[in-house]
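Peer 1: build me a structure from this.
(2 chains)
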Amino acid sequence: SQQGEEDPQALSIQEGENATMNCSYKTSINNLQWYRQNSGRGLVHLILIRSNEREKHSGRLRVTLDTSKKSSSLLITASRAADTASYFCATGNQAGTALIFGKGTTLSVSS
Amino acid sequence: EPEVTQTPSHQVTQMGQEVILRCVPISNHLYFYWYRQILGQKVEFLVSFYNNEISEKSEIFDDQFSVERPDGSNFTLKIRSTKLEDSAMYFCASGGDRGPNTEAFFGQGTRLTVV
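Peer 2: Numbers count the residues shown, from 1 in each chain, chains lettered A, B, ... in the order given. This is a model prediction of the structure:
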């Protein structure tokens, strides 16, 4: 399957700490995307990293991609209570016709 | 800011009934998707739609499901004869001309409850 698999499944941290979530996938990719979902709401695109990129930043988000290990990580620095959500990685399928999501990491940030 | 809108936000239906979930994608987008999320579980791909036809569908998207873009703006998901296990959040999404190689914009979802 093309699906990414995130770990950990759940992560609880204190405000101000950094949160790191990992994603592994199985086949070659064109890009990898990270999305956020607040409870019961739609998914919001956070960042896209292309297969020829190794690292990308957006505000407090830092994404890395290691195509040799077929893995990516999402780092949220200086976390806030408002970062509490589920985070999903997503990759396109081999045919380039669908965006497939992993199982997600549920992040809880307590103040 | 353009957004994907879905209606209704919540639908309750009797088992065996047909339901139609409606979506208005972002106007200049070319790729359209439906996803399903059973409570507390992962976001499951159902179908992608491009150039007025299905470009990909998952094993979940069986003969009970169909999609349509009837008028150039709406994008609908029909479930012909609902089952209890169809209860879930259904999300519509749309993307630009690079499809899965660019970001997808999601609606807020329709919560379908089959009783």
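
Peer 1: what sits opposite the residue lying closest to residue A:29 once chain neighbours are set aside in the beta ladder?
Peer 2: Excluding the flanking residues, the one nearest residue A:29 by CB to CB, 6 or more residues apart in numbering or on different chains is residue A:91, at 4.9 Å. Just so you know, the C-beta spots here come from the backbone N, C-alpha and C atoms, and that holds for glycine as well. Residue A:91 has these beta-bridge partners by DSSP bridges: residue A:32, residue A:100.

Peer 1: check contacts around residue A:91.
Peer 2: Residues counted as contacts of residue A:91 (CB atoms under 8 Å, 6 or more residues apart in numbering or on different chains) are A:2, A:3, A:4, A:25, A:29, A:31, A:32, A:33, A:99, A:100.

Peer 1: quick one: the fourth one and residue A:93, what's the gap?
Peer 2: Think residue A:25. Distance of residue A:25 to residue A:93, computed by CB to CB, to the nearest Å: 11 Å.

Peer 1: next one: the fifth one
Peer 2: Residue A:29 sits 10 Å away from residue A:93, going by CB to CB.

Peer 1: and the two? Which one has more around it.
Peer 2: Each of residue A:29 and residue A:93 has its neighbours counted (other CB atoms under 10 Å in any protein chain shown); residue A:29 has more, 23 against 19.

Peer 1: thought the more buried one was touching residue A:67?
Peer 2: Yes: contact criterion CB atoms under 8 Å: residue A:29 and residue A:67 qualify, at 7.4 Å.

Peer 1: need the residues touching each of those two.
Peer 2: Here residue A:29 and residue A:67 share the contacting residues residue A:51, scored by CB under 8 Å, 6+ apart.

Peer 1: near chain A, which residues of chain B show up?
Peer 2: Listed as neighbours of chain A in chain B under the rule CB under 8 Å from any CB of the partner chain: B:4, B:33, B:35, B:42-45, B:48, B:50, B:55-56, B:58, B:89, B:91, B:93, B:95, B:99-109, B:111.

Peer 1: can you rerun that using 6 Å?
Peer 2: Residues of chain B that fall close to chain A, judged by CB under 6 Å from any CB of the partner chain: B:42-43, B:45, B:48, B:55-56, B:91, B:100-101, B:103-104, B:106-109.

Peer 1: so which of those residues are in strands?
Peer 2: B:43, B:45, B:48, B:55, B:56, B:91, B:104, B:106 (DSSP state E).

Peer 1: burial check on the last one, number of neighbours?
Peer 2: Translated: residue B:106. Around residue B:106 there are 23 other residues, counting by other CB under 10 Å.

Peer 1: need the contact list for it.
Peer 2: By CB atoms under 6 Å, 6 or more residues apart in numbering or on different chains, the contact set of residue B:106 is A:42, A:43, B:91, B:93.

Peer 1: tell me the bridge partners for it.
Peer 2: residue B:93.

Peer 1: point to the residue nearest the middle of chain B.
Peer 2: In chain B, the residue lying closest to the centroid (CA atoms, centre = their mean) is residue B:34, at 3.0 Å.
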